[in-house]
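Visitor: Okay, sequence plus prediction incoming.
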Amino acid sequence: MRVLRRQLAESVEALHGALRNPAIRRVELAYLGSALALYANMVVVAVYAYRHGGATTVGFVVLARMGTAALTAPFLSSFADRYPQRRVMLVSDLGRVAAVAGMAVAAGAGVPILVYVLAVTVSVMSTCFRPAEASLVAQLAETPEELTAANVCASTFDSVGAFSGPALGALFLAVGGPKVAFAAIAVAYVWSASFVARIPATGRAGLPEHVDETAEGLAAGLRAVRDEPRLKLFIGLYGIQTVVGGAFSVFVVVIALHVLSLGNAGVGFLQAATGVGSVLGAALALALAGRRRTGGDLALGLVCFGAPLALVAAVPRTWVAVLALGVIGIGNSLVDISAVTLVQRNAPPAVAGRVFGVLEATLVGAIGIGAVVTPLLVHAFGARWALAVVGAVLPVAAVLGWRALSVADAGAVVSEERLAAIAAVPFLDVLPLHAKEALASALEPVELAAGATLFSQGQPGDQLYILTRGALEIELPDGVKREEAPGFVGEIALLRDVPRTATVRAASEVQLWALPGAAFLDAVAGHARSSSTADALVASRGLAVSA
């Protein structure tokens, strides 16, 4: 229990840290505005289409919006890699403001076809917002816990949008009709854009060797996924969960109307239980973040999302269904947060937007597959057998993927041991997570016996050394200084571009990490806070204190 409390305290502190980071806070508040507008627009467009053409028109409009979004997502997501993510998000928001404002004018003028065309345009413009947001947060977060906490915020805000957006859309429809409703949605997108505009600029990540700078859209994203087995695993499992999610959108109606005979109101009641579970799931994901077992959290989420469906099939009672769908909501949040976090940590930063474009297309297609296949299963096997079969898919997938998921965090770009070494250097610890992981991946282990020389005065400085075990003796003109683990040496020669200013020997058996000077200087020089921290530290230690 004491360990759980400590982990929860660390996770809450990570959440506070994420929100204290002005850039992350603005990203998340922009995401909230975008989510509110997105879900409100879905309801308003559906109601408008129903009033002007009935259920058939609603179906065609939804198909046009989802289908077009699925086709364009992988290509538009490349903008998040080719241009600053902040700019991509801002263009997406302002484009949606203009399109929704046009929908308000078209609705007032009585031109439904223009409303539908602009609704499709809004869906297309939305496909580049999420990949840009997800890849930007990965650059802004400074620790894995802060990255998870930021994703918890996004998931919670998405849940708030899913609840509040439709309610607000319906309210504005009732008060002022579609013109007022579309105008209110435009204001929500303006809210989002106002926060995006104040996100500080970030540098564009360098391309890994195996990625072609000229590759466009889906090809580059698919290539990155192909070359990284962990990405294939995470996106594959997330896709399977989304297939079951598409099935769930059908099953919730089947459970309410046919299995439990609750009537139309029962559908909303069960959806509400799922929504409450989603909020609880976000809190649980935050509590679990301190364990640093994101792969295990993904496996847990898969089980929580699938097994309750089988339970409802076995025990068709209302109270069981309410509890089961609440657990499904918990599982949904766990999967969303953990899968996105793992993809962020494993996607090469230079093509992260395109990787998320592949993910976005996978999820949209998976929802459609689940929604189409489920009625066929219900017709062929009956509601309860269909629930049992589909519900078993995710627990089986979690079991099959457990071995890889159990070590997912240890293999997420770099190990926690390497990240801890980078974090031990104050002017490297302030770098964003993606930069720290890039540096950590460049570390080379070094071991010295007691008395061995690490480097001598006057030699060129080409590496920073991070001490993780043992002690070093630094021979200076005015005496010998002792550096105990954890510590570091060699920064002054690199930062001042001078030869080594002292001789350093091992006072005992030592273990170190060697960081190449070029990678070190590129990271520090490209980050204002890191550079100023390094300068202050060098000034405090003095040229005669460290090598």
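Guide: Looks like it came in fine.
Visitor: contacts and neighbour counts: CA atoms only from here.
Guide: Will do.
Visitor: domain parsing for this structure?
Guide: 22-198, 216-413, 416-541 (automatic domain parsing).
Visitor: Whichever helix or strand residue 514 is part of - which strands sit beside it in the sheet, and in what orientation?
Guide: Per DSSP states H and E, residue 514 falls inside strand 510-516. Strands that pair with strand 510-516, judged by DSSP bridges, come out as strand 444-448 (antiparallel), strand 463-469 (antiparallel).
Visitor: now the domains of the chain in JSON lines, with mean neighbour count and mean pLDDT?
Guide: Below are those laid out as JSON lines (neighbours: other CA atoms under 10 Å; pLDDT from 0 to 100):
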{"stretch": "domain 22-198", "mean neighbour count": "22", "mean pLDDT": "85"}
{"stretch": "domain 216-413", "mean neighbour count": "21", "mean pLDDT": "81"}
{"stretch": "domain 416-541", "mean neighbour count": "18", "mean pLDDT": "77"}
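Visitor: now residue 483, what's its secondary structure?
Guide: Under DSSP: H, G, I helix; E, B strand; the rest coil, residue 483 falls in the strand class.
Visitor: Relative to the whole chain's centre, how far out is stretch 51-68?
Guide: From the chain centre to the centre of stretch 51-68 is a distance of 30 Å (CA atoms, centre = their mean, to the nearest Å).
Visitor: same check, this time on stretch 298-309
Guide: A distance of 20 Å separates the C-alpha centroid of stretch 298-309 from that of its chain, computed with CA atoms, centre = their mean.
Visitor: Test my guess that residue 373 contacts residue 246.
Guide: No: judged on CA atoms under 8 Å, residue 373 makes no contact with residue 246 at a distance of 9.1 Å.
Visitor: which helices and strands sit right next to the host helix or strand of residue 70?
Guide: Element membership for residue 70 (DSSP H and E) is helix 22-76. Applying 3 or more CA pairs under 8 Å, 6 or more residues apart in numbering; DSSP states H and E, we find helix 22-76 packed against helix 2-20, helix 112-126, helix 129-140, helix 144-196, helix 217-227, helix 352-381.
Visitor: what's the spacing between the longest one and its chain's center?
Guide: The offset between the C-alpha centroid of helix 144-196 and the centroid of the whole chain comes to 18 Å, using CA atoms, centre = their mean.
Visitor: Now do it against helix 129-140, angle only.
Guide: Counting by axes from the mean of the first three to the mean of the last three CA atoms, to 10 degrees, helix 144-196 lies at 130 degrees to helix 129-140.
Visitor: what angle do helix 144-196 and helix 22-76 make?
Guide: Counting by the same axes, to 10 degrees, helix 144-196 lies at 80 degrees to helix 22-76.
Visitor: Residues that sit against both of residue 373 and residue 246, list them.
Guide: Common contacts of residue 373 and residue 246 (CA atoms under 8 Å, 6 or more residues apart in numbering): none found.
Visitor: send the alpha carbons of stretch 147-156 over as CSV?
Guide: Output of stretch 147-156 as CSV, limited to C-alpha atoms (Å, rounded to 0.1, in the frame of the first residue of the first chain):
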residue,chain,number,x,y,z
LEU,A,147,4.4,12.3,-21.3
THR,A,148,1.9,9.9,-19.8
ALA,A,149,0.4,12.6,-17.7
ALA,A,150,-0.1,14.8,-20.7
ASN,A,151,-1.8,11.9,-22.5
VAL,A,152,-4.1,11.4,-19.4
CYS,A,153,-5.1,15.1,-19.8
ALA,A,154,-5.8,14.6,-23.5
SER,A,155,-7.9,11.5,-22.8
THR,A,156,-9.8,13.2,-20.0
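Visitor: which residues touch residue 493?
Guide: Residue 493 touches 460-462, 499-501, 547, counting by CA under 8 Å, 6+ apart.
Visitor: Quick check: it vs residue 278, distance?
Guide: Distance of residue 493 to residue 278, computed by CA to CA, to the nearest Å: 52 Å.
Visitor: and if you look at residue 492?
Guide: For residue 492, the distance to residue 278 - CA to CA - is 50 Å.
Visitor: Could you save the strands paired with strand 510-516 as a markdown table and add columns showing distance to residue 338?
Guide: Output for these, formatted as a markdown table (distance: least, CA to CA, whole Å):
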| stretch | distance to residue 338 |
| --- | --- |
| strand 444-448 | 29 |
| strand 463-469 | 30 |
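Visitor: can you pull the contacts of residue 472?
Guide: Contacts of residue 472 (CA under 8 Å, 6+ apart): 482-484, 504-508, 510.
Visitor: mind putting these in JSON lines, distance to residue 400 included?
Guide: Converted to JSON lines, the contacts of residue 472 look like this (distance: CA to CA, whole Å):
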{"residue": "482", "distance to residue 400": "51"}
{"residue": "483", "distance to residue 400": "47"}
{"residue": "484", "distance to residue 400": "45"}
{"residue": "504", "distance to residue 400": "50"}
{"residue": "505", "distance to residue 400": "50"}
{"residue": "506", "distance to residue 400": "47"}
{"residue": "507", "distance to residue 400": "49"}
{"residue": "508", "distance to residue 400": "46"}
{"residue": "510", "distance to residue 400": "41"}
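Visitor: In three-state terms, label residue 474 for me.
Guide: Looking at residue 474 with three-state DSSP, the answer is strand.
Visitor: thought it was touching residue 483?
Guide: Yes: Residue 474 lies in contact with residue 483 (CA under 8 Å); the separation is 7.4 Å.
Visitor: where along the stretch 301-450 of the chain do the helices fall?
Guide: 318-346, 352-381, 383-406, 416-423, 426-429, 433-441 (DSSP state H, counting those that start in this stretch).
Visitor: Run through who's touching the third one.
Guide: I take that to be helix 383-406. Under CA under 8 Å, 6+ apart, the answer for helix 383-406 is 233, 237, 240-241, 244, 247, 251, 254-255, 258-259, 293, 295-296, 298-300, 302-303, 305-314, 374, 377-378.
Visitor: quick revisit: hmm, which two among the contacts of residue 493 are most spread apart?
Guide: 462 and 501 (13.0 Å; CA to CA).
Visitor: Please name whichever of the helices and strands packed on helix 22-76 is nearest to residue 452.
Guide: helix 144-196 (35.9 Å).
Visitor: Give the other helices and strands that that closest one contacts.
Guide: helix 2-20, helix 22-76, helix 85-109, helix 129-140, helix 264-289, helix 318-346.
Visitor: helices and strands around whichever strand or helix holds residue 246, which ones?
Guide: Per DSSP H and E: residue 246 is located in helix 229-254. Where contact means 3+ CA pairs under 8 Å, 6+ apart, helix 229-254 is packed against helix 217-227, helix 264-289, helix 294-314, helix 318-346, helix 352-381, helix 383-406.
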